[in-house]
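Undergrad: Below are the sequence and a predicted model; questions follow.
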Amino acid sequence: MAKNAAARSKPLEAKSPFEMRVNLSKELPETDVQSALESGDMGFLHSFTTGSTVDGPGVRVVVWTTGCQWRCRYCHNPDTWTMRNGYPVSVAQAAEELRKYTQGLKVMSGGVTVSGGEPLMQHRFVLKLLKAAKGMGVHTTIETNGYLGDRLTDADFESIDLVMLGLKKWDAESHKELTGREIGPTLALARRLAARKRPVWIRFVLVPNLTDDLDDIKKIAEFAAGLGVVERVEVLPFHQLGRFKWKELGIKYHLEKTEPPSAEAAEKACAVFRAAGLEAN
Ligand code: SF4
């Protein structure tokens with residue numbers, strides 16, 4: 001494996017995932033990338049952030065992976081779409097980073113959250129890291145769009161204390177237009193998690209004129225409520241913190257002029273989830 005980690009120009013830890021990071025594995029031979037994905041001994045990370053109170057229960061270390069097959073129009077971290085934009089980091093290195101915070105995470109009822117990008121793009125690495133975290137007694141969460149859920153076996157679920165699942169749009173055609181991919185695999189993962197009684201939080205991004213149709217939200221809410229394992233729904237108001245990334249990456253951004261939703265609109269969306277019997281905020 002090439003020693004790209006030694007050539008880091010930025011620390012692995014970032015102040016926030018909104019730091020722009022590109023081409024950090026550019027020089028890595030394709031064979032090394034493939035062998036990393038196959039063995040899971042090495043993964044590709046945008047960064048670590050610490051002290052998050054918005055990425056799962058308690059206070060969390062968040063591991064931001066690179067690589068995502070989706071192209072959500074509102075994505076605020078498009079630099080994480082490309083795996084080679086991330087640092088190559090061994091499981092041992094990542095686990096050592098995490099170990100530094102173990103005691104604090106336990107005291108603050110927190111844990112580690114693996115987000116992205118889409119973590120299941122490098123599921124073997126992620127599972128090894130989560131198993132290491134469990135071995136340290138740390139609560140584990142993944143935030144996923146669910147599309148690659150069939151990469152996880154039922155036994156793998158045991159290493160994941162909580163799945164934060166993104167449900168973005170119910171209508172199949174609109175979902176594909178919004179994300180570039182079908183909704184079916186995401187729903188299939190949700191149903192499997194429900195059948196195995198695994199805890200789930202739903203994340204829903206509210207974007208004016210894109211995801212704010214209350215009938216569509218109602219269908220998401222009814223599906224989520226029917227699972228019987230959804231502990232809470234987070235309605236995340238769209239924001240423009242990632243707009244500069246689209247510009248710098250030279251990708252056409254359709255939401256250039258979209259404003260964040262009003263507090264009233266966010267409350268209306270929450271009310272739809274609550275009406276279905278879910279806790280939402
Ligand atoms: S699934 Fe997440 S990382 Fe991937 S494009 Fe959508 S918002 Fe961005």
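TA: Great, that's in hand.
Undergrad: Can you name the residues of the protein that neighbour the ligand?
TA: For the chain, the residues found near the ligand under the criterion Cβ under 6 Å from any ligand atom are 68, 70-72, 75, 77, 80, 116-118, 145, 179. All C-beta spots, glycine's among them, are computed from the backbone N, C-alpha and C.
Undergrad: Now do the strands in the stretch 51-200 of the chain.
TA: Along the stretch 51-200 of the chain, counting by DSSP state E, counting those that start in this stretch, strands occupy 60-65, 87-90, 111-115, 139-144, 162-166, 200-206.
Undergrad: Kindly reformat the ones you listed as a markdown table containing mean neighbour count.
TA: Below are the strands of the stretch 51-200 of the chain laid out as a markdown table (neighbours: other Cβ atoms under 10 Å):
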| stretch | mean neighbour count |
| --- | --- |
| strand 60-65 | 26 |
| strand 87-90 | 23 |
| strand 111-115 | 27 |
| strand 139-144 | 24 |
| strand 162-166 | 21 |
| strand 200-206 | 21 |
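Undergrad: Figure out which of those is closest to S174.
TA: Proximity to S174 (Cβ to Cβ) singles out strand 200-206 among these, at 13.6 Å.
Undergrad: coming back round to it: quick check: of the residues of the chain next to the ligand, which has the highest neighbour count?
TA: G117 (31 neighbours; other Cβ atoms under 10 Å).
Undergrad: Excluding sequence neighbours, find me the nearest residue to that one.
TA: Once flanking residues are discounted, G117 sits nearest to T80: 3.7 Å by Cβ to Cβ, 6 or more residues apart in numbering.
Undergrad: wait, isn't A14 in contact with G51?
TA: No - checked against Cβ atoms under 8 Å, the pair A14 and G51 is beyond contact range at 11.8 Å.
Undergrad: who has more neighbours, the two?
TA: Counted by other Cβ under 10 Å, A14 and G51 do not tie: A14 has more neighbours, with 18 against 12.
Undergrad: Now that one. Nearest residue, chain neighbours left out?
TA: That would be S47: by Cβ to Cβ, 6+ apart, it lies 3.6 Å from A14.
Undergrad: Beta-bridge partners for that neighbour, please?
TA: Under DSSP bridges, the beta-bridge partners of S47 are W64.
Undergrad: what sits against it?
TA: 12-14, 17, 19, 21, 64 (Cβ atoms under 8 Å, 6 or more residues apart in numbering).
Undergrad: In helices only, show me the residues of the chain next to the ligand.
TA: In this view, the residues of the chain next to the ligand that belong to helices under DSSP state H are T179.
Undergrad: Which of the residues of the chain next to the ligand sits closest to K168?
TA: Proximity to K168 was ranked across the residues of the chain next to the ligand by Cβ to Cβ; first place goes to T179, at 5.9 Å.
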